[in-house]
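1. Fold the following, please.
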Amino acid sequence: MMEEPYRWVEAVQARREYIEMQLAGGSPIAAVSCTDGVLFVTVSREQRKLFEVYDRIAMGAIGHPGDIERLRMSAIEVASAEGFNRSVQDVSLRRLAAYSLSPLLKKAFEEIYGPPFLARMLFVELGRNGAPDLLLQLDYDGAFRGNAGGGAVPGEPFAVLSGKTHSARQMEEYLRAKPLAGLTAQEVLPTAVEAWAVGHLALNAEPGAALPDAESVAAHREEQLQGGTLEAVLLDRNAPAHAAFRPLSLKGALKSGNPLVTPKKDSYSGSK
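-> Numbering: from 1, shown residues only. Got it, this is the predicted structure:
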């Protein structure tokens with residue numbers, strides 16, 4: 001009988017190693033607060049990675065498409081029920097993460113006879129009435145941390161997501177060194193895409209490797225954009241209710257003078 005707890009710990013550790021291996025190749029995601037709102041950026045291959053959850057809440061995710069969809073729908077249902085039973089103002093990312101999604105993920109991860117969620121998520125909530133934006137990372141085991149405390153550096157205007165820990169750290173190091181305060185979405189876009197390239201390069205580098213130089217980052221960015229789609233969303237700080245989530249057309253937007261454009265036909269369905 002004494003062996004049972006140790007077997008459970010070993011099983012959980014084996015499960016963690018398996019999930020980390022499955023997530024290791026996931027395309028990174030960068031989210032940066034700016035004067036216009038919060039800019040979400042990634043490069044996708046087949047499945048899109050950025051989604052609306054509720055009026056002022058959006059998510060990005062890496063992992064198995066089926067698990068991501070299950071978690072997305074769960075987040076939408078919980079947020080919609082909260083908004084209906086109380087009010088739109090009562091829907092908050094903190095409650096959504098702490099009382100709904102985190103327990104769901106933790107339970108699935110620790111019940112070793114059932115399948116865990118193969119997903120890692122990054123949530124963003126626009127601050128209301130001048131409050132700072134909340135950027136929160138939620139892992140497959142239910143652990144979460146955000147820029148308002150709980151593990152990340154308080155007050156940082158960005159958050160990242162990657163399949164490997166050292167990749168995410170390099171992205172954070174890169175963004176930490178950049179002047180981001182007071183920039184528009186147009187101005188912060190190149191930096192966000194470069195952070196993605198730093199993270200993607202690090203997926204195939206050894207932990208502890210130095211940040212790549214600017215030339216390597218630019219070359220890798222251009223190479224990857226040849227075979228992938230640059231996906232971006234702006235949570236618009238100045239948008240009317242129910243319209244903060246704005247998918248962006250990035251054709252030529254990385255070139256100086258070319259503006260970010262909202263597609264006329266929005267293929268991203270709303271959360272209602």
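2. Just the helices from the stretch 51-200 of the chain, written as ranges.
-> Secondary structure of the stretch 51-200 of the chain, counting by DSSP state H, counting those that start in this stretch: helices at 65-85, 93-96, 102-110, 165-176, 185-202.
3. Contacts for the longest one next, please.
-> Read that as helix 65-85. 47, 51, 53-55, 57, 59, 61, 90-91, 95-96, 100-101, 104-105, 117-119, 121, 271-272 (CB atoms under 8 Å, 6 or more residues apart in numbering). Heads up, the C-betas are built off the backbone N, CA and C, glycines and all.
4. Can you get me a residue count around residue 215?
-> For residue 215, the tally of surrounding residues (other CB atoms under 10 Å) stands at 8.
5. Using PDB, write out the CA atom coordinates for the helix or strand it falls within.
-> Secondary structure assignment for residue 215, by DSSP states H and E: helix 214-227. Extracted in PDB, the C-alpha atoms of helix 214-227 (Å, rounded to 0.1, in the frame of the first residue of the first chain):
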ATOM      1  CA  ALA A 214      19.100  40.800 -35.400                       C
ATOM      2  CA  GLU A 215      20.200  39.400 -38.800                       C
ATOM      3  CA  SER A 216      19.400  35.800 -37.700                       C
ATOM      4  CA  VAL A 217      16.000  36.900 -36.400                       C
ATOM      5  CA  ALA A 218      15.100  38.800 -39.600                       C
ATOM      6  CA  ALA A 219      16.200  36.000 -41.800                       C
ATOM      7  CA  HIS A 220      14.300  33.400 -39.800                       C
ATOM      8  CA  ARG A 221      11.200  35.500 -39.800                       C
ATOM      9  CA  GLU A 222      11.200  35.900 -43.600                       C
ATOM     10  CA  GLU A 223      11.900  32.200 -44.100                       C
ATOM     11  CA  GLN A 224       9.000  31.100 -41.900                       C
ATOM     12  CA  LEU A 225       6.600  33.500 -43.400                       C
ATOM     13  CA  GLN A 226       7.100  31.900 -46.800                       C
ATOM     14  CA  GLY A 227       5.400  28.700 -45.500                       C
END
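6. and after that helix, which helix or strand comes next?
-> Counting by DSSP H and E, the element after helix 214-227 in chain order, helix or strand, is strand 229-236.
7. Run me through the strand neighbours of the first helix or strand past that next one going along the chain, direction for each.
-> Toward the C-terminal end, the helix or strand that comes next after strand 229-236 (DSSP H and E) is strand 245-247. For strand 245-247, the paired strands and their directions (DSSP bridges) read strand 229-236 (antiparallel).
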